[in-house]
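Peer 1: this one's sequence-less:
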Ligand code: ASP
């Protein structure tokens, strides 16, 4: 088939894909990935995690159902997970080598490419709210350390004593981590428990605006002010007009591969390929079908590339058809999704849908 004809045929085939309709909304969340296996989980813990994911989905869905913004939905969902000690964000943050909790978060809206992030906050209860304030109330994208908490105070965000973030389970994980590091005579290493409890959410509201956000305590035993991918726009979080991504996993590798940006940039690239610059409007609309399929492919490719560089983890994503998705290479990933169609999924292990 000549090239022009095959391009048109491909466009017609893609026209069968359904773009999101006005009033459609959708939400996808994660609570981290890692060695999460059925035989290592008690029924009580399993139920607790599912209830927390469900509560986060409900909080975000309530906003979207009422016609609220994807920005509000993402922060509402993440706030719930930040307050739950089961997740490595806010209240359940992991410990640094120095026995402190150092919180990272970021948020980005796809319609304007506005973004905000914070690294190393230690007294702000909800780091995702602080990332949002950085985006909305400062001329900056990324604030760090004491300055970030100072900005939070100036913005009237709730402050807590650092002991608020203490949980015995995370402290015990640090003790194990240090013992292992001593034994191996390593000055720094990646989490021995091989569990990432970072939380994230991506939402599309009824106006079609996509927002993505991520919040984390980082990695157990991190030192020297180490910062992972979660507060790095383009690595742990990214959104544009047609795609949003939030990641969890070996942060260093996600930064090196610019994972979140590259998943979305692949979609954006598919939106305006050169050969279709002059084709009819329907054909361009049809291309959105390719954008949506492309996002899933890009996510799988990205996770594969993370593995090739010695990392692991997962991503959640939404593309412009509103279809939520995820990709991960770990045995499990805390995850869930909800859409205006009434479909809701909560899952933990790799063998669930
Ligand atoms: N990606 C996070 C980091 O490297 C960790 C995680 O996902 O739990 O800081």
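Peer 2: Now that the structure is in, tell me what you want to look at. Model, not experiment: these values are computed from the prediction.
Peer 1: residue 128: helix or strand, and which one exactly?
Peer 2: Here residue 128 sits within helix 127-137, counting by DSSP states H and E.
Peer 1: okay, buried residues for that helix please.
Peer 2: Under the neighbour-count criterion of 16 or more other C-beta atoms under 10 Å, helix 127-137 has 127-135 buried. C-beta coordinates here come from the backbone N, C-alpha and C atoms, glycine included.
Peer 1: next one: stretch 113-130
Peer 2: So, applying 16+ other C-beta under 10 Å, buried residues of stretch 113-130: 114-130.
Peer 1: what's the answer for stretch 33-50, then?
Peer 2: Within stretch 33-50, the residues scored as buried using 16+ other C-beta under 10 Å are 33-34, 36, 41, 49.
Peer 1: farthest pair within those?
Peer 2: Farthest-apart pair in those is 33 and 41; separation 14.2 Å (C-beta to C-beta).
Peer 1: skip the chain neighbours and tell me the closest residue to the one residue in the stretch 251-353 of the chain that gets nearest to the ligand.
Peer 2: As assessed by C-beta to the nearest ligand atom, the ligand sits closest to residue 251 within the stretch 251-353 of the chain, at 2.2 Å. Closest residue to residue 251 apart from its sequence neighbours, by C-beta to C-beta, 6 or more residues apart in numbering: residue 228 at 2.6 Å.
Peer 1: what sits against the one you found?
Peer 2: The contact partners of residue 228, by C-beta atoms under 8 Å, 6 or more residues apart in numbering, come to 104, 216, 218-219, 222, 236, 251-252, 254-255.
Peer 1: so which residues on the chain come close to the ligand?
Peer 2: Residues of the chain lying close to the ligand (C-beta under 6 Å from any ligand atom) are 32, 88, 196-198, 216, 218-219, 228-230, 248-249, 251.
Peer 1: what's the closest of those to residue 261?
Peer 2: residue 229 (10.9 Å).
Peer 1: and the closest one, how many neighbours does it have?
Peer 2: 32 (other C-beta atoms under 10 Å).
Peer 1: my guess is it contacts residue 246, does it?
Peer 2: No: Residue 229 lies out of contact with residue 246 (C-beta atoms under 8 Å); the separation is 10.3 Å.
Peer 1: anything in contact with each of the two?
Peer 2: 236, 260.
Peer 1: can you report how many residues lie near the residue lying closest to residue 48 once chain neighbours are set aside?
Peer 2: Excluding its sequence neighbours, the residue lying closest to residue 48 (C-beta to C-beta, 6+ apart) is residue 86, at 6.1 Å. By the measure other C-beta under 10 Å, the count of residues near residue 86 is 20.
Peer 1: in this protein, which spans are helices?
Peer 2: For the chain, the helices defined by DSSP state H occupy 3-15, 43-65, 70-82, 127-137, 145-154, 168-184, 251-256, 259-271, 281-308.
Peer 1: tell me which of these sits most buried.
Peer 2: helix 70-82 (a mean of 27; mean count of other C-beta atoms under 10 Å).
Peer 1: now that helix: mean pLDDT?
Peer 2: For helix 70-82, mean pLDDT is 98.
Peer 1: and the angle from it to helix 127-137?
Peer 2: 150 degrees (axes from the mean of the first three to the mean of the last three C-alpha atoms, to 10 degrees).
Peer 1: show residues contacting helix 70-82.
Peer 2: Under the contact criterion C-beta under 8 Å, 6+ apart, helix 70-82 has outside partners 25, 27, 29, 31, 52, 55-57, 59-64, 87, 89-91, 105, 107, 109, 125-129, 132, 199-205, 209-213, 215.
Peer 1: what angle separates that helix from helix 43-65?
Peer 2: Going by the same axes, to 10 degrees, helix 70-82 makes 160 degrees with helix 43-65.
Peer 1: how far off centre is helix 70-82?
Peer 2: Averaging C-alpha positions (C-alpha atoms, centre = their mean, to the nearest Å) puts helix 70-82 11 Å from its chain's average.
Peer 1: and what of stretch 98-107?
Peer 2: Centre-to-centre, stretch 98-107 and its host chain are 16 Å apart (C-alpha atoms, centre = their mean).
Peer 1: with stretch 65-80 instead?
Peer 2: Using C-alpha atoms, centre = their mean, the offset of stretch 65-80 from its chain centre is 14 Å.
Peer 1: next: stretch 21-41.
Peer 2: Offset of stretch 21-41 from its chain centre (C-alpha atoms, centre = their mean): 10 Å.
Peer 1: quick check: end-to-end length of it?
Peer 2: Start-to-end span of stretch 21-41 (C-alpha to C-alpha, to the nearest Å) is 40 Å.
Peer 1: that stretch - what's its average pLDDT?
Peer 2: Here the average pLDDT along stretch 21-41 is 88.
Peer 1: swap in stretch 263-279?
Peer 2: Here the average pLDDT along stretch 263-279 is 54.
Peer 1: hmm, back to that, the residue of the stretch 251-353 of the chain closest to the ligand contacts residue 219, correct?
Peer 2: Yes: counting by C-beta under 8 Å, residue 251 touches residue 219, with 6.9 Å between them.
Peer 1: now do the contacts for residue 340.
Peer 2: Residue 340 touches 23-26, 64-65, 206, 322, counting by C-beta under 8 Å, 6+ apart.
Peer 1: and what of residue 344?
Peer 2: 54, 57, 336-338.
Peer 1: so how far is residue 140 from the closest residue to residue 326 other than its chain neighbours?
Peer 2: Leaving out its chain neighbours, the residue that sits closest to residue 326 by C-beta to C-beta, 6+ apart is residue 316, at 4.8 Å. Note on residue 316: its distance to residue 140, by C-beta to C-beta, to the nearest Å, is 26 Å.
Peer 1: sounds good, over and out.
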